[in-house]
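> A structural model of the following input is requested.
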Amino acid sequence: MPRDATEAHPMMIPEGTRDVLPPEWAWRERVRGLLSAQFSAHGYRGVDVPTLEFQNPEHPQDARAFKLTDVGGAVLSLRSEFTTAITGLARRRFPAGPFPLRLHYAGRLWLRAQASELGRLREFTQVGVELIGVRSPRADAELLEVAQAAMSAVGVPVELEVGHPGFVDGLLEDAGVDGAARDALHRAIDRKSGPDLSDGLRVHGLLPSLGRTLHTVMDLYGGSEVLTAARALPLGERAGAALSDLEAIAAVYGPDRLLFDLGMSRRYDYYSGFIFRAYTDGQPQPVLGGGRYGGRGDEWPGAGFAVGLERLTGVAARHLPPEREVVLALDEAGVRFAQARELVTERAWTEDRAELLEYARARGIVRLVRGDAFEAVP
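Got it, this is the predicted structure:
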């Protein structure tokens with residue numbers, strides 16, 4: 001008989017959560033440490049923000065956040081997204097700067113429902129950076145440099161794909177497309193679905209000339225030649241400005257170091273400038289993503305990126321060095337001798353040699369140490 005979903009059971013954990021066992025935990029902490037060290041080397045200072053936040057209906061993840069009520073009746077949310085939290089910290093703690101603020105973070109996030117690209121986890125860890133209070137092509141290129149350096153630090157080669165949702169949105173705005181039609185076309189273009197794009201154009205009675213342009217945009221993916229091809233399209237002011245942003249960033253960072261996707265239009269209502277993602281071989285989903293938020297007139301412009309630590313750990317594990325050997329020390333002199341050789345050292349808890357040997361075999365330990373001498377586990 002199926003167990004009631006509300007009934008707790010000591011052998012079960014909630015859907016969308018997971019246990020992390022020692023090998024993965026060690027890999028994950030090593031990856032986290034390498035990323036934090038790299039961010040610090042680029043001038044980003046570490047901060048932490050509360051897990052509990054006041055519920056805010058304007059929060060970008062409010063509909064999917066876990067909510068609870070405290071003893072005073074206030075509605076709270078579990079932290080569901082870092083950019084808003086870090087921006088709030090900056091406003092509270094650094095109202096006068098100095099700008100730009102370079103901050104990095106690491107921590108858990110919780111969502112009631114998660115998208116498939118994160119493996120449907122409802123509890124997961126992100127590591128990332130925010131560059132706040134400045135807007136320029138050099139600032140955007142800085143984020144690309146930091147992202148590339150961070151992935152190199154964990155031994156994961158990546159390609160950076162750059163886009164600008166304002167490019168597609170500008171084309172739609174210039175054509176007078178709004179509401180449901182606008183949303184549907186954004187989704188079709190971001191998914192690179194030609195049939196869905198054609199259906200959306202037909203259902204909403206849009207001009208064939210717009211359809212030809214959008215179908216062309218959907219295929220604008222590749223090197224710097226993509227920017228040249230986009231310049232030849234009939235562009236209005238906003239689409240042209242978005243393309244100019246990408247051209248300026250590419251000029252600073254190096255156009256031959258990037259892939260451009262001008263059909264990248266996901267979350268066009270959140271990002272106000274360029275967006276980017278990092279992909280590595282053997283992983284269909286990005287290991288890193290971010291972009292610029294806040295309007296041109298915003299006194300707190302910002303940009304940043306986040307790394308999904310669970311996903312990156314799985315990828316980085318293929319590149320990390322093997323775990324250090326574990327030995328079982330029979331006395332304190334053995335502990336000091338083994339640790340001086342950078343071995344992980346567990347202490348014996350009993351004089352019963354048979355019990356120690358049984359444990360060592362089960363644990364995968366192949367050597368004992370006493371004083372300054374090792375012996376193999378028989």
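> Using CSV, write out every CA atom in the lowest-mean-pLDDT helix or strand in the chain.
Lowest on mean pLDDT, DSSP states H and E among the helices and strands of the chain sits helix 309-316, with a mean of 87. Taking Å, rounded to 0.1, in the frame of the first residue of the first chain, the C-alpha atoms of helix 309-316 are listed here in CSV:
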residue,chain,number,x,y,z
LEU,A,309,28.3,23.3,-7.9
GLU,A,310,26.6,19.9,-8.1
ARG,A,311,26.9,19.8,-11.9
LEU,A,312,30.4,21.2,-12.0
THR,A,313,31.6,18.7,-9.4
GLY,A,314,30.4,15.8,-11.6
VAL,A,315,32.3,17.3,-14.5
ALA,A,316,35.4,18.4,-12.6
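> Can I get the helix or strand just after that helix as PDB, trimmed to CA atoms?
In the C-terminal direction, the helix or strand that comes right after helix 309-316 (DSSP states H and E) is strand 326-329. Extracted as PDB, the C-alpha positions of strand 326-329 are listed here (Å, rounded to 0.1, in the frame of the first residue of the first chain):
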ATOM      1  CA  VAL A 326      44.300   6.800   3.700                       C
ATOM      2  CA  VAL A 327      46.400   4.900   6.300                       C
ATOM      3  CA  LEU A 328      45.500   3.500   9.700                       C
ATOM      4  CA  ALA A 329      47.900   4.700  12.400                       C
END
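> can you give me how far strand 326-329 is from the chain middle?
Counting by Cα atoms, centre = their mean, to the nearest Å, strand 326-329 is centred 37 Å from the centre of its parent chain.
> I'd like to know how far Glu24 sits from Leu143.
To Leu143, Glu24 is 28 Å away according to Cβ to Cβ, to the nearest Å. (C-beta placed from N, C-alpha, C; glycine too.)
> If you count surrounding residues, which of the two has more?
Between Glu24 and Leu143, counted using other Cβ atoms under 10 Å, Leu143 has the larger neighbour count: 23 against 15.
> Tell me where the stretch 151-300 of the chain has helices.
165-174, 179-190, 194-203, 208-218, 225-231, 237-253 (DSSP state H, counting those that start in this stretch).
> Most tightly packed of the ones you listed?
Stretch with highest mean neighbour count among those: helix 165-174 (a mean of 22; mean count of other Cβ atoms under 10 Å).
> In terms of secondary structure, what does that one contact?
helix 179-190, helix 208-218, helix 237-253 (3 or more Cβ pairs under 8 Å, 6 or more residues apart in numbering; DSSP states H and E).
> Of all these, which one is nearest Glu310?
Go through these one by one with Cβ to Cβ and the one that ends up closest to Glu310 is helix 179-190, at 23.8 Å.
> now the angle from the closest one to helix 208-218?
40 degrees (axes from the mean of the first three to the mean of the last three Cα atoms, to 10 degrees).
> Burial check on Ser152, number of neighbours?
Using other Cβ under 10 Å, Ser152 is surrounded by 13 other residues.
> how close does it sit to Ser198?
41 Å.
> rewinding a little: would you mind saying which of the helices and strands packed on helix 165-174 lies nearest Gly88?
Across the helices and strands packed on helix 165-174, Gly88 has its closest neighbour in helix 237-253 (26.3 Å, Cβ to Cβ).
> just the angle between the closest one and helix 165-174, please?
Using the same axes, to 10 degrees: helix 237-253 against helix 165-174 is 160 degrees.
> Where do the strands of the stretch 1-150 of the chain begin and end?
Using DSSP state E, counting those that start in this stretch, the strands found in the stretch 1-150 of the chain span residues 45-46, 52-54, 67-69, 75-78, 101-110, 123-132.
> okay, these, which one's buried deepest?
Sort those by mean neighbour count, taking mean count of other Cβ under 10 Å, and strand 123-132 sits at the top with a mean of 23.
> now that one, how far from the chain's geometric center?
Distance, centroid of strand 123-132 to centroid of chain: 7 Å (Cα atoms, centre = their mean).
> That one - what's its average pLDDT?
Regarding strand 123-132, the rounded mean pLDDT is 96.
> One more: stretch 359-375?
Mean predicted confidence for stretch 359-375 is 96.
> And it, what's buried?
Judged by neighbour count using 16 or more other Cβ atoms under 10 Å, the buried positions of stretch 359-375 are 359-360, 365, 368-369, 374.
> Could you do stretch 313-330 as well?
Burial within stretch 313-330, assessed by neighbour count using 16+ other Cβ under 10 Å, is assigned to 313-317, 320, 326-330.
> Ok, which of the helices of the stretch 151-300 of the chain comes nearest Pro286?
Closest to Pro286 of the helices of the stretch 151-300 of the chain, according to Cβ to Cβ: helix 179-190, at 13.2 Å.
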